[in-house]
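# next one to model:
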Amino acid sequence: MNKLSKSSFKIPELTPAQIVGELDRYIIGQSKAKRAVAIALRNRWRRQQVTGSLKDEIYPNNIILIGPTGVGKTEMARRLANLAHAPFIKVEASKYTEVGYVGRDVESMIRDLMDTAVAKIRAEQMRAIQSQAEQRAQERLLDILLPLPKSARKKKPEGDDGDRGLTIEQHRTTREKIRAELGNGQLEDRTVEVEVEEEPYSTMQIFSPQGIEEMGFNLQEMLGPMIGKRKRRRQCTIGEARDILLSEETDKMLDMDRIVREAIFRTESMGIVFLDEIDKIAAPGGQTEGGPDVSREGVQRDILPVVEGTTVTTKYGQVKTDHILFIAAGAFTVAKPSDLIPELQGRFPIRVELEHLTTDDFVRILTEPENALLKQYTALLTTEGIELSFTEDAIREIADIASRVNERMENIGARRLHTVMTTLLEDILFDAPVMSKKKLAITKPFVRKTLKDIVEDEDLSRFIL
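This next block holds a predicted model:
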């Protein structure tokens, strides 16, 4: 593989309207939020087109998404990262602690983002070399099943059978016959002996200036030739041996230096960090008088340099955070964005309030997205040979029940549909393997009959829905 000093990866050229259109396939409503994130993604592409020193001066406008749980905040950020083919990580602000406390430090989110980028690019490289690695693994497998005759290993003239084994021509013919049998899957259960390298890689927790981190180390690389490569022989089937050999050949062909360089470039230029529950580290009304709130402002101050732009040390090298896009989210039911420290507020100039979901939104969520809930349950029951269908008035009733329960109790947005659907279809899901009736239509009377007692009983509703 060619060594690349600069990444050749380009951010997909999607217009804001195209980005919103893609988000519409999975997320219902929230047009303001979709426009904001679409502009943010398009600006990343625009920055890549800028030449000269000004390019480094163009920083992303970080976003705060304000809204209750279950309205699409996380899904929006995840789909956005998929569109950009960018490294993405979702973290919860509440799990970080101020420096000096036991727990994870905020810089670990960038290390996790780098791990994600390396894994993503490694998978891309593996797909690119898959065919070649499979061919190499096949040849090694053939060598195990039919080793070269001694005459060939000693470089004797072709046809010399002085070792009383196969001639070169016989070996070639037999090898092609075995190759065909392998291709047809005739030898998958045959047992062979393969030589595998023992993995010296292990993981341990260390205490570092950056906090408690998991660090992997490779004993072979540390000690080098002093200990040599340890190998052992293992009995396994042809199918298992193929997987082992394929893994070894893939690792040999991967250029980890190139993968790491590419990962650093994508993380620094296109990485997206979704910082959820940011409202949990904001003290309501600016309260800072000890108690459980004692470290909230400290966590904010630790997050600030990461969002502003700093250099984080990872096991792959130094990573700059200046151009990473941070999308924060929170319900802000108790605290408000203005309760964040002023410096952190300034680093999230774009604030979008997401809308509460209505009954009409629930109807669309149940039916329109490509991963709509009704499509999921229909697909699940198809595996049992059951054809499940929903009438329009039944769908409207399900949406109405979910909306009413959200109003009476905690508003958990579209997640309420999961609890309602699971309760509605519980008996069908349980009895599906032994049901004789293979066509089921869910109607409005069925929905009302199944959920009536639960919805009307306040205590039962709180317990089940």
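
# how near is residue 452 to residue 374?
21 Å (Cβ to Cβ, to the nearest Å). For the C-beta atoms, the positions are set from N, CA and C on the backbone; glycine is no exception.

# cool, residue 463 as well?
Here the criterion is Cβ to Cβ. By it, residue 463 lies 25 Å from residue 374.

# between those two, who's got more neighbours?
residue 374 (20 against 9; other Cβ atoms under 10 Å).

# how about the more buried one, nearest residue that isn't a chain neighbour?
Leaving out its chain neighbours, the residue that sits closest to residue 374 by Cβ to Cβ, 6 or more residues apart in numbering is residue 366, at 5.2 Å.

# ok, residue 67 next?
For residue 67, ignoring the flanking residues on the chain, the nearest one in space by Cβ to Cβ, 6+ apart is residue 354 at 3.0 Å.

# hang on, the one you found packs against residue 70?
No: between residue 354 and residue 70 there is no contact under Cβ atoms under 8 Å: 10.2 Å.

# how about residue 14, nearest residue that isn't a chain neighbour?
Closest residue in space to residue 14, ignoring its immediate chain neighbours: residue 83 at 6.4 Å, by Cβ to Cβ, 6+ apart.

# mind listing what residue 361 touches?
Contacts for residue 361 were tallied using Cβ atoms under 8 Å, 6 or more residues apart in numbering; they are 28-29.

# same question for residue 112.
Contacts for residue 112 were tallied using Cβ under 8 Å, 6+ apart; they are 89, 91.

# show me where pLDDT drops low in the stretch 301-450 of the chain?
In the predicted model of the stretch 301-450 of the chain, no residue satisfies pLDDT under 70.

# quick one: the strands in it?
Here the stretch 301-450 of the chain has its strands, by DSSP state E, counting those that start in this stretch, at 311-314, 317-320, 325-330, 350-353, 387-390, 439-442.

# what's in contact with the first one?
Residues external to strand 311-314 that are found in contact with it (Cβ under 8 Å, 6+ apart): 107, 110-111, 114, 210, 306, 318-321.

# most widely separated two among the residues you listed?
210 and 320 (15.7 Å; Cβ to Cβ).

# which stretches in the stretch 51-200 of the chain count as strands?
Under DSSP E, counting those that start in this stretch, the stretch 51-200 of the chain gives strands at 63-66, 88-92, 191-197.

# how about those in TSV, adding distance to residue 267?
Listed next are those as TSV, based on distance: least, Cβ to Cβ, whole Å:
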stretch	distance to residue 267
strand 63-66	19
strand 88-92	10
strand 191-197	30
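
# which stretch among the ones you listed comes nearest residue 448?
Closest to residue 448 of the strands of the stretch 51-200 of the chain, according to Cβ to Cβ: strand 63-66, at 35.5 Å.

# counting contacts, what elements does the closest one pack onto?
Applying 3 or more Cβ pairs under 8 Å, 6 or more residues apart in numbering; DSSP states H and E, we find strand 63-66 packed against helix 31-49, helix 73-84, strand 325-330, strand 350-353.

# switch to 6 Å and redo it
strand 325-330, strand 350-353 (3 or more Cβ pairs under 6 Å, 6 or more residues apart in numbering; DSSP states H and E).

# contacts for it, please.
Residues outside strand 63-66 that contact it (Cβ atoms under 6 Å, 6 or more residues apart in numbering): 33, 36, 73, 327-329, 332, 337, 348, 350-353.

# pull out the buried residues from the residues you listed.
Buried subset of those (neighbour count, 16 or more other Cβ atoms under 10 Å): 33, 36, 73, 327-329, 332, 337, 348, 352.

# tell me the one of the residues you listed nearest residue 14?
residue 36 (15.2 Å).

# closest to residue 182 out of the contacts of strand 311-314?
Checking the contacts of strand 311-314 against residue 182 with Cβ to Cβ, the nearest one is residue 114 at 39.4 Å.
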